[in-house]
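Undergrad: Got a predicted structure here, sequence first:
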Amino acid sequence: MIEETTNNASNFVSEVDSAFVFIFGISLFFLFAITIVMVYYVFRYRKSKNPKATHIEGNHKLEIIWTVIPTILVVIMFYYGWAGWKSQREVPEDAMTIKSIARMWSFGFEYENGVTTDTLYVPIHQPINLDLVAVDVLHSIYIPAFRIKQDMVPGKPDFIWFESGKIGEYEIFCAEYCGLRHSFMKTAVKVLSQEDYDAWYKGSSQTAEGAGAEGKALFQKFGCFACHSIDGSKLVGPSLKGIFNNKRMVIKDGEEIELVADAEYIKRSIYEPNADVVKDFVPGMMVSYKAMIKDEEVDQLIEYFKTLE
């Protein structure tokens with residue numbers, strides 16, 4: 001831990017805010033100073049007061065002053081930025097690692113016990129190291145209250161860490177345009193007391209009961225809810241309410257045909273999403289999950305879809 005978090009949302013709040021206030025203060029000072037000088041010279045050397053232009057030679061002392069002072073200020077600004085960057089790249093040895101997975105258009109968080117959630121749960125006063133993974137396009141995880149942001153580049157492992165000193169719920173956004181539903185790619189981090197977190201962690205480790213429980217967990221893990229509703233509302237993709245064994249009008253090879261959404265249809269839609277595109281929906285919006293999901297997981301999803309009456 002590089003500093004005490006006290007009651008701040010994260011340990012980086014103070015240093016980021018201090019850098020911002022310093023840079024903003026300097027900028028504001030020079031904005032007013034330069035404006036005042038400009039206004040003064042506009043009136044002092046207007047035509048009525050100075051009808052004949054006066055030739056003025058260069059002033060080396062003045063040139064040195066306006067070169068040295070801005071240079072010093074820029075170096076100080078650089079130091080603030082470098083110090084903040086350095087502290088965000090030095091992960092404490094006792095940090096808890098949680099995998100953060102970004103895909104169009106949702107975040108998923110995978111814990112050491114194997115549980116995956118669409119909301120980030122963390123204990124207070126515990127360093128958290130987010131192992132960042134983007135599975136499709138460029139994303140960027142941004143937690144404004146924590147003053148942290150990091151791009152998530154496909155094929156390039158990266159990380160970001162924080163420690164929260166204040167219990168509460170804070171928004172998470174994707175800060176890099178990633179497609180049609182980029183603005184809907186948001187979730188939250190919930191900071192819990194250590195006792196509440198331990199209880200949540202223990203409960204999440206237990207096997208869920210009920211029909212389609214495993215499939216529902218997979219549905220959340222792969223971020224399917226970002227494009228498919230389960231209540232009949234229309235999103236980027238068709239709603240999954242009442243999907244199983246019901247008829248659907250699809251566009252296949254340029255022709256409009258009717259198909260029954262049986263297990264084979266659902267499996268094909270997951271592996272080859274552009275083979276049978278539901279009418280009135282745009283093809284190409286879903287990537288193939290063939291390399292990301294196992295056959296048995298597809299079966300679990302189908303069992304979950306059967307419950308969506």
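TA: Happy to help now that I have it. Numbering: from 1, shown residues only.
Undergrad: Do a quick rundown of the strands in the protein.
TA: With strands called from DSSP state E, the chain shows them at 96-103, 106-110, 116-117, 120-123, 128-134, 139-143, 148-152, 158-162, 168-174, 186-192, 247-252, 255-260, 277-278.
Undergrad: Report the inter-axis angle for the first one versus strand 106-110.
TA: Orientation note: strand 96-103 sits at an angle of 150 degrees relative to strand 106-110 (axes from the mean of the first three to the mean of the last three C-alpha atoms, to 10 degrees).
Undergrad: What strands line up against strand 96-103, and which way round?
TA: Strand pairing for strand 96-103, using DSSP bridges, gives strand 106-110 (antiparallel), strand 128-134 (parallel).
Undergrad: May I see the buried residues of stretch 17-24?
TA: Ala19 (16 or more other C-beta atoms under 10 Å). Where C-beta positions appear, they are placed from N, C-alpha and C, glycine not excepted.
Undergrad: just the CA coordinates of that stretch, formatted as PDB?
TA: The C-alpha trace of stretch 17-24 is given here as PDB (Å, rounded to 0.1, in the frame of the first residue of the first chain):
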ATOM      1  CA  ASP A  17      -7.100  15.400  -7.400                       C
ATOM      2  CA  SER A  18      -4.000  17.300  -6.200                       C
ATOM      3  CA  ALA A  19      -2.400  17.100  -9.600                       C
ATOM      4  CA  PHE A  20      -5.600  18.300 -11.200                       C
ATOM      5  CA  VAL A  21      -6.000  21.200  -8.800                       C
ATOM      6  CA  PHE A  22      -2.400  22.200  -9.300                       C
ATOM      7  CA  ILE A  23      -2.500  22.100 -13.100                       C
ATOM      8  CA  PHE A  24      -6.000  23.700 -13.200                       C
END
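Undergrad: Name the residues that touch it?
TA: Applying C-beta atoms under 8 Å, 6 or more residues apart in numbering, the external contacts of stretch 17-24 come out as 76-77, 80-81, 84, 147.
Undergrad: and if we set it to 10 Å?
TA: Contacts with stretch 17-24, where a contact means C-beta atoms under 10 Å, 6 or more residues apart in numbering, come from 8, 73, 76-77, 79-81, 83-84, 147.
Undergrad: same deal with stretch 267-277?
TA: With contacts defined as C-beta under 10 Å, 6+ apart, stretch 267-277 is touched by 222, 224, 237-238, 243, 248, 250-253, 257, 259, 261, 265, 278, 283-293, 295, 297-299, 301-302.
Undergrad: List the buried residues of it.
TA: Within stretch 267-277, the residues that count as buried by 16+ other C-beta under 10 Å are 267, 269-270, 273, 276-277.
Undergrad: Now intersect the residues you listed with the helices, please.
TA: Counted as lying in helices by DSSP state H, out of the buried residues of stretch 267-277, are 267, 269-270.
Undergrad: Can you tell me which of the residues you listed is nearest Gly232?
TA: Minimum distance to Gly232 across those is 18.1 Å, recorded for Ser269 (C-beta to C-beta).
Undergrad: roughly how far apart are Ser106 and Tyr41?
TA: Per C-beta to C-beta, to the nearest Å, Ser106 is found 57 Å from Tyr41.
Undergrad: Tell me how many other residues surround Asn38.
TA: Residue 38: Met, not Asn. Met38 has 9 neighbouring residues, counting by other C-beta atoms under 10 Å.
Undergrad: cool, Lys49 as well?
TA: By other C-beta under 10 Å, 8 other residues sit near Lys49.
Undergrad: my guess is it contacts Phe43, does it?
TA: Yes - using C-beta atoms under 10 Å, Lys49 is in contact with Phe43, at 7.9 Å.
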